[in-house]
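Visitor: quick one, structure for this:
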Amino acid sequence: MKVQKTVLLKNGKQATLRNAEGTDAAAFQAYFAQCHGETENLLTYPDESNGDFEAGLRRRAESASDVEILAIVDDKIVGSAGIGMIRDRDKTRHRADFGISVLAAYWGLGIGSALTAACLDCARKAGYLQVELEAVSENESALNLYRKFGFVEYGRNPKGFRTRTGRWQTLVLMRLELI
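Guide: All right, here's what the predicted structure looks like:
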């Protein structure tokens with residue numbers, strides 16, 4: 001699934017949305033570290049990257065079912081979103097997991113909406129019937145974004161995340177039917 005488009009942001013700048021490639025690994029790793037250090041609303045901390053960025057991005061770029069899309073402004077990665085199959089089994093191949101992050105300096109400019117729309121388009125093209133996500137209940141901006149695209153809450157996990165300071169965060173479980 002190839003993605004290549006330019007979107008106009010609310011501040012008048014343009015963002016390019018495109019597939020992440022293995023060659024983006026170093027820039028993506030720097031983006032990951034910055035983004036995950038700016039908020040408690042993401043799954044991981046900056047020091048918890050899961051290994052080989054280059055191989056992971058290359059694998060997604062070559063996949064027919066998974067995608068990672070970058071938002072680039074002024075030659076800098078400022079946002080990223082992706083979908084991936086929940087599990088490659090007959091009973092679960094119809095379900096995709098969705099994840100998104102945007103640098104704090106770029107919140108509120110429309111990057112989240114553009115990335116979400118692009119990922120949902122890819123999910124439909126890949127044949128998924130349902131897209132799922134988990135969001136921190138305190139993250140109203142994210143919850144509003146997901147609701148805008150039709151995601152509905154189907155449950156909550158009151159102890160879904162435990163921060164390094166020992167604070168519990170409730171996770172809102174949401175899904176979007178694509179059929």
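
Visitor: identify the residue nearest the geometric centre of the chain.
Guide: residue 100 (2.0 Å; Cα atoms, centre = their mean).

Visitor: in this structure, which helix is the longest?
Guide: Secondary structure of the chain per DSSP state H: the longest helix is helix 111-125.

Visitor: can I get it as CSV, trimmed to CA atoms?
Guide: Listed next in CSV are the C-alpha coordinates belonging to helix 111-125 (Å, rounded to 0.1, in the frame of the first residue of the first chain):
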residue,chain,number,x,y,z
ILE,A,111,-1.6,16.0,11.2
GLY,A,112,-3.5,13.5,13.4
SER,A,113,-6.5,13.7,11.2
ALA,A,114,-4.5,13.3,8.0
LEU,A,115,-2.6,10.3,9.3
THR,A,116,-5.7,8.7,10.6
ALA,A,117,-7.5,9.1,7.3
ALA,A,118,-4.6,7.7,5.4
CYS,A,119,-4.3,4.7,7.7
LEU,A,120,-8.0,3.9,7.5
ASP,A,121,-7.8,4.1,3.7
CYS,A,122,-5.0,1.6,3.8
ALA,A,123,-6.9,-0.6,6.2
ARG,A,124,-9.8,-0.8,3.7
LYS,A,125,-7.5,-1.5,0.8
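
Visitor: buried sites along the worst-scoring helix or strand of the chain on mean pLDDT?
Guide: Lowest by mean pLDDT, DSSP states H and E among the helices and strands of the chain is helix 53-62, with a mean of 87. Neighbour-count burial for helix 53-62 flags 53-54, 56-58, 60-61 (criterion: 16 or more other Cβ atoms under 10 Å). No exception for glycine: its C-beta is placed from N, CA and C like everyone else's.

Visitor: distance to residue 77 added to the residues you listed, as JSON lines?
Guide: Listed next are the buried residues of helix 53-62 as JSON lines, based on distance: Cβ to Cβ, whole Å:
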{"residue": "53", "distance to residue 77": "12"}
{"residue": "54", "distance to residue 77": "15"}
{"residue": "56", "distance to residue 77": "15"}
{"residue": "57", "distance to residue 77": "11"}
{"residue": "58", "distance to residue 77": "16"}
{"residue": "60", "distance to residue 77": "15"}
{"residue": "61", "distance to residue 77": "15"}
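
Visitor: ok, those residues vs residue 175, which is closest?
Guide: Distance to residue 175 across the buried residues of helix 53-62 (Cβ to Cβ) is lowest for residue 60, with 21.6 Å.

Visitor: which residues does that closest one contact?
Guide: Shown in contact with residue 60 (Cβ atoms under 8 Å, 6 or more residues apart in numbering): 19-20, 66-68, 82, 84.
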